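> got a predicted structure plus its sequence, pasted below:
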Amino acid sequence: MLWKKTRTALSSLLLSGLLAGASRAADVTTHVLGATAQTLSASTDTVKMGYYSATTLHAVDPNLAAGNIKFGVSIFGIPGILTGGVGGVAGTATTADIFSGRTADINADGAAETGTLNLAGNITTFDGIVNLIPNAYDGAGNGTNRWVMTDSGDAVTGDILSGKKAWVDGKEVTGNVPAGANVLGGNGLKTFAIPDGLYSGGKTATANDTNLTAANIKSSVTIFGVTGIIAFPDTGQVTVSVSYDDASYNPDATQLNFTTDAANDIVTDNRTGLIWVYNGTGAHSNNGNPLTWANAVTYCHNLGNFAGAPIGSPLSWRLPNVKELGSIISYRFSSPSITSNFTNTYSNGYWSSTTYVADPTQAWIAVFLGGNIGTATKTNTLYVRCVRTGS
């Protein structure tokens, strides 16, 4: 009876594997408080009644590991480090979607990948490809308004062509600079102002002087692209009487050279640029009737806008001076001594506008009988052939 009482001892006395009244091995495994020895199993979360040998839970289930527990969560004292997708499912992001220098376990494999996304763009020099923010970050945009800009811009409206737009430091700026055009300087000005503007496409700035004509420049000399034709006029003689006489010397630049425009009643001297009346007996030569010197001067002045020469302009018609009148004489011919470029020329005297200084009552004349230059009293009546400066 004493032995049986010992076996019913309180469980508080059964510590550290001690068995009350155990006398054989069977008593250790099957007869302690009527319980049996148990082992924890990874296949169930049920803990059966009985007694267990000392162990650790991760030894019972190797899956109880930090890599299998969500980051920020602890299970049985084991903190998780899992950073992958929910439930360990890999996400859809790539390293290009993650900010440069930041990490994430994209593939849910416990290994962190480092992002490469740089939304700062290329601010050293603008590049439409490098500075373009990826499509995924444009929201509902259409891809035309998502460039990254630097903040170093300093352009203002006055730096940009009128009607054109630019973005400066993220702000739209509309230009007001006018488009430049060709510039022509004022007549006779050597220097002139060029207006502000944006000049492109080969615009030119040209100095302007109506006196810059071939007829005002020495023969064979070129000034600003205009080659002169002025040369001391030749007599026109071509028949050589003796070696080295006048006819032996006939440089091309000095030869008489006229262009006739009979329809407009004018003859142009291609050497001097002077324009003469063509018909010596026509409506612009007083119909071939002689005049006193004073009336001849007035008559030519009053030809008005004939052949585009209005009164008072630098191109007005006038009575020629004696040198101009003598420049159309050709000593190749006589009676009259003038080329066939002119018509109806009398062999008698023609007035010049030049007064004879030795006797102011007289003026210089040209006689086309043989090409003589002389003087006549101003009250005499002689013929007129008016002239004007070429345009």
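Received it, and whenever you're ready, just let me know what you need. Note that the structure is predicted; figures quoted are calculated from it, not measured.
> where do the helices sit along this protein?
Counting by DSSP state H, the chain has helices at residues 2-7, 25-30, 57-60, 293-301, 322-326.
> next one: the third one to chain centre, how far?
Relative to the chain's own centre, helix 57-60 is displaced by 78 Å; criterion: C-alpha atoms, centre = their mean, to the nearest Å.
> show me what counts as buried in that helix.
Within helix 57-60, no residue qualifies as buried by neighbour count (16 or more other C-beta atoms under 10 Å). No exception for glycine: its C-beta is placed from N, CA and C like everyone else's.
> and that helix, what does it pack against?
On a contact count with 3 or more C-beta pairs under 8 Å, 6 or more residues apart in numbering; DSSP states H and E, helix 57-60 meets no helix or strand.
> what about the stretch 201-350 of the chain, any weak spots by pLDDT?
215, 230-235, 246-247, 250-254, 310-312, 314 (pLDDT under 70).
> one more: the stretch 1-150 of the chain?
1-35, 40, 42, 58, 82-90, 109-110, 118-150.
> could you list the domains of this structure?
Segmentation of the chain into domains, based on automatic domain parsing, reads 24-113, 118-150, 158-209, 246-388.
> pick the most buried one from those.
domain 246-388 (a mean of 17; mean count of other C-beta atoms under 10 Å).
> what's the spacing between it and its chain's center?
Distance of domain 246-388 from the chain centroid (C-alpha atoms, centre = their mean) equals 55 Å.
> about what we covered before: okay, the domains of the chain in TSV with distance to N216 next?
Below are those laid out as TSV (distance: least, C-beta to C-beta, whole Å):
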stretch	distance to N216
domain 24-113	75
domain 118-150	55
domain 158-209	9
domain 246-388	7
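> which one of the ones you listed lies nearest to G236?
With C-beta to C-beta as the criterion, G236 lies closest to domain 246-388 of those, at 3.8 Å.
> indicate which one of the domains of the chain is closest to T227.
domain 246-388 (10.6 Å).
> surely I329 touches V367?
No: with contacts defined as C-beta atoms under 8 Å, I329 does not count as touching V367, sitting 9.4 Å away.
> give me the common contacts of those two.
Common contacts of I329 and V367 (C-beta atoms under 8 Å, 6 or more residues apart in numbering): none found.
> show me the residue sitting in the middle of this structure in space.
Per C-alpha atoms, centre = their mean, the C-alpha nearest to the average position across the chain is that of S200, at 5.4 Å.
> separation between that residue and V183?
14 Å (C-beta to C-beta, to the nearest Å).
> for V221, same thing?
Remark: distance between V221 and V183 (C-beta to C-beta) = 26 Å.
> next one: S219
31 Å.
> just N295 next, same as before
Counting by C-beta to C-beta, the gap from N295 to V183 is 47 Å.
> what's the answer for T259, then?
Applying C-beta to C-beta, the value for T259 to V183 is 33 Å.
> and the closest residue to K218 other than its chain neighbours, bridged to which residues?
Leaving aside its sequence neighbours, K218 sits nearest to G228 (C-beta to C-beta, 6 or more residues apart in numbering; 4.7 Å). Note on G228: beta-bridge partners by DSSP bridges are S219.
> right, and G228 touches R271 too?
No: counting by C-beta under 8 Å, G228 does not reach R271; the two are 10.0 Å apart.
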